[in-house]
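Q: please find the sequence and the predicted model below.
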Amino acid sequence: MAAYLLRKALLLAISLWCVVTGTFFLMHAIPGDPFIGDRVIPQEILDSLYAFYGLDESLWTQYLTYFKGVLKGDLGPSIVYQGRTVNEFIWEGFPVSAQLGIQALLLAIPFGVFLGTWAAQKRACWQDNFAMVVSTLGISVPNFVLSSLLQFIFCVKLHLLPVARWGSFEHTILPTLALAALPIAFIARLTRSNMVEVLQQDYIRTAASKGLPLFRISLRHGLRNALLPVITYLGPVATQILTGSFLIEKIFAIPGLGQWMIHSINGRDYPMIMGLTIFFSSFLMIAMFAVDLLYSVLDPRIRFAKERSPSYG
């Protein structure tokens with residue numbers, strides 16, 4: 001187990017280094033100037049700005065300086081919002097995105113698992129068809145369309161919830177529903193397809209022959225094996241939800257990380273773009289690392305298969 005964890009940690013460190021290095025050189029390869037844009041700035045002011053942000057140094061010197069800052073947790077200053085750092089925007093925006101994401105996950109995981117399990121137990125019945133129609137709609141309808149539809153129904157027509165902004169719990173209900181729709185659909189379909197296969201196994205039939213209810217059998221014996229592919233999906237989707245959905249945060253005017261990412265791209269704020277990209281990528285890799293550990297806990301055969309090497313002779 002220790003060797004397995006050490007190997008995973010080493011791969012995580014190498015991947016993070018590749019992300020930092022690739023992001024830095026790709027951003028510097030983009031043509032254009034972050035200070036000029038559509039403005040006319042005297043050369044003396046540009047020279048002082050380059051010197052202040054260290055852009056007058058060689059590319060490798062800039063890279064080493066930036067990499068040392070990343071190792072210390074310093075993602076650098078913002079160019080557009082002078083006097084503020086990328087870390088400050090992350091500390092301000094991430095709790096908002098995380099709150100919204102946690103609510104969406106708490107809604108998506110149990111509801112998606114229940115819908116998929118229910119559909120598997122009622123296979124080829126109207127309940128199965130209903131669950132699959134709901135999941136198909138959740139996958140097919142884009143987030144921005146669903147968000148606009150929710151705003152029209154619950155805000156414009158029924159006047160039950162606020163249209164946008166961020167404040168009370170009521171402001172989080174519609175964006176939470178919009179964020180949770182796609183994960184619910186995917187989790188339901190994954191759970192249903194795997195649960196159908198699991199329910200055909202011999203140990204499930206043995207339990208059913210003893211007179212146990214099918215729903216109880218599914219929860220106690222089948223769900224653990226059926227959820228392994230769902231856990232794989234939860235790694236990237238949890239990262240996307242917890243770090244903020246760009247479109248949904250823009251539509252509902254939520255001051256999360258997704259909105260700051262859009263502002264930094266529009267303003268060509270290179271340090272902000274690099275910092276948020278590194279933060280998103282790091283969060284994703286750590287989530288996938290946690291998924292691998294959870295995988296090995298739920299199914300030790302996976303860990304043992306990776307640790308065991310074939311011997312010949």
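A: The structure has been received and is ready for your questions. Residues are numbered from 1 along each chain as shown.

Q: give me the neighbour count for A253.
A: Burial of A253, expressed as a neighbour count using other C-beta atoms under 10 Å, amounts to 13. In this view, the C-beta of every residue, glycine as well, is placed from N, C-alpha and C.

Q: can you give me the distance of it to A287?
A: Distance of A253 to A287, computed by C-beta to C-beta, to the nearest Å: 27 Å.

Q: got it, and Y66?
A: Distance from Y66 to A287, by C-beta to C-beta: 24 Å.

Q: tell me which of the two has more neighbours.
A: Taking other C-beta under 10 Å, Y66 and A287 do not tie; Y66 has more neighbours (23 against 19).

Q: got a list of what the more buried one touches?
A: Counting by C-beta atoms under 8 Å, 6 or more residues apart in numbering, Y66 touches 20, 24, 76, 274.

Q: go with 6 Å
A: Residues counted as contacts of Y66 (C-beta atoms under 6 Å, 6 or more residues apart in numbering) are F24.

Q: do you know the pLDDT at it?
A: Reported pLDDT at Y66 in the predicted model: 87.

Q: secondary structure element for it?
A: Y66 belongs to helix 59-71 when assigned by DSSP states H and E.

Q: show me what counts as buried in that helix.
A: 62-63, 66, 70 (16 or more other C-beta atoms under 10 Å).

Q: got it, and stretch 227-246?
A: Judged by neighbour count (16+ other C-beta under 10 Å), stretch 227-246 contains these buried residues: 227, 230-235, 237-246.

Q: can you list contacts of it?
A: With C-beta under 6 Å, 6+ apart as the test, stretch 227-246 has contacts from 97-98, 101, 104, 179, 183, 187, 190-191, 194, 256-258, 262, 280, 283-284, 287-288, 291, 294.

Q: could you list the low-pLDDT ranges of this protein?
A: The model of the chain has pLDDT under 70 over residues 1, 4, 32-41, 204, 207-208, 211-215, 217-222, 224, 243-244, 296-313.

Q: biggest helix in it, by residue count?
A: Secondary structure of the chain per DSSP state H: the longest helix is helix 86-121.
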